[in-house]
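Student: only geometry, no sequence info:
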Ligand SMILES: O=P(O)(O)OC[C@H]1O[C@H](O)[C@H](O)[C@@H](O)[C@@H]1O
């Protein structure tokens, strides 16, 4: 293992100092706020670098948890010489097949899962956003909008962003804050050829600036040959009750003229078109919902499986447990450059979930090509 040392200058509130982890070979650099302490420790340990806990803690309190404030300071750079994140090295070091960390767009770290049969998935720690799910033939079934930015400030527009602790507009910012904070890398597994990663977030100064509760959100993403499973657990770690709404805002690749969604007939609807703040109640009467124009509609008590034809020749089953509602969205000409290439079919929990201290809520999603 490479000998390594840490030169950590002071982590001032201006966040302009450098954390330098040095050893012999090439270098890996990323914005400090894009690496959570556990992610940094995780990478470092695999490279034989000993990170001192104190360093991580000060890193954590000075940069990571200041949210937008810290994120403004892009000069806050983490340079880890000798810690180039290479697939082979990490695979070897993990002893776990099918899992590695890579530097993604904008220098943000992403976890790459790959199955022995050729399917793969990518998850950014920023927003715990799954940005890619490729089937065994290499086709990406998820879509990232061309206007998506990977700057660790704005949410990633595409893949599977989280909406938590609020779906849509409301008392706090649209879709909450979980999609624009960096999640911790909690654990990795590879059970029976199914690589998985578990990420988590807890309250921070940033989250508490808009939602004053202590909580823990744990999110597991597991890749199987033909399926992608996710499990989200929200725990009230506070001494007072709280409530939330949430969704997995999944962007599927599509050719919108050929898209249909089956399974929603008979559901009560709340149509957000024309005014998202005053949705119009109704009932879905179609066997198959299509997208000939702008669609932004919430479906209450939707079933545990929806079938999506993506217009590109794929039938995708979207199963869930605990996600009691669904949302369909296509922006049509309001997003002229890309509306034709995606459809959002979102598993959601639109009725407020009330949690007493110590209680948890959990929901699962399984998407597969059928
Ligand atoms: O632009 P965003 O904040 O990512 O939201 C994109 C869309 O998300 C959901 O599908 C909502 O139902 C829409 O009303 C909203 O426009």
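Tutor: Noted; the coordinates are in hand. These figures come from a predicted structure and were not determined experimentally. Numbers count the residues shown, from 1 in each chain.
Student: Which strand in this structure has the most residues?
Tutor: Longest strand of the chain, by residue count under DSSP state E: strand 342-355.
Student: And the ligand, is that strand touching that?
Tutor: Yes - using C-beta under 6 Å from any ligand atom, we find that strand 342-355 touches the ligand at 344, 346. From N, CA and C alone the C-beta is placed, and that goes for glycine too.
Student: Neighbouring strands - and their directions - for that strand?
Tutor: Applying DSSP bridges, strand 342-355 is found paired with strand 242-248 (antiparallel), strand 251-253 (antiparallel), strand 325-330 (antiparallel).
Student: Next to the ligand, which bits of this structure? Give me the list.
Tutor: Counting by C-beta under 6 Å from any ligand atom, the residues of the chain close to the ligand are 157, 168, 174, 175, 249, 272, 276, 296, 327, 329, 344, 346.
Student: quick one: least confident of the residues you listed?
Tutor: In terms of pLDDT, the lowest of those is residue 276, showing 91.
Student: thinking again about what came up before, now restrict the residues of the chain next to the ligand to buried residues only.
Tutor: Burial by neighbour count, 16 or more other C-beta atoms under 10 Å: within those this picks out 157, 168, 175, 249, 272, 296, 327, 329, 344, 346.
Student: Looks like the last one contacts residue 246 (just checking).
Tutor: Same thing as residue 346. No - in this structure residue 346 lies outside contact range of residue 246 using C-beta atoms under 8 Å: 10.2 Å.
Student: what sits in contact with each of these two?
Tutor: Counting by C-beta atoms under 8 Å, 6 or more residues apart in numbering, the common neighbours of residue 346 and residue 246 are residue 163.
Student: picking up where we left off before, mind putting the residues of the chain next to the ligand in JSON lines, distance to residue 97 included?
Tutor: Output for those, formatted as JSON lines (distance: C-beta to C-beta, whole Å):
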{"residue": "157", "distance to residue 97": "32"}
{"residue": "168", "distance to residue 97": "40"}
{"residue": "174", "distance to residue 97": "39"}
{"residue": "175", "distance to residue 97": "35"}
{"residue": "249", "distance to residue 97": "30"}
{"residue": "272", "distance to residue 97": "44"}
{"residue": "276", "distance to residue 97": "44"}
{"residue": "296", "distance to residue 97": "42"}
{"residue": "327", "distance to residue 97": "36"}
{"residue": "329", "distance to residue 97": "37"}
{"residue": "344", "distance to residue 97": "33"}
{"residue": "346", "distance to residue 97": "32"}
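Student: State the next helix or strand along the chain beyond the longest strand of the chain.
Tutor: Using DSSP states H and E, the next helix or strand after strand 342-355 towards the C-terminus is strand 360-369.
Student: which helices and strands sit right next to that following strand?
Tutor: strand 227-236, strand 315-321, strand 342-355 (3 or more C-beta pairs under 8 Å, 6 or more residues apart in numbering; DSSP states H and E).
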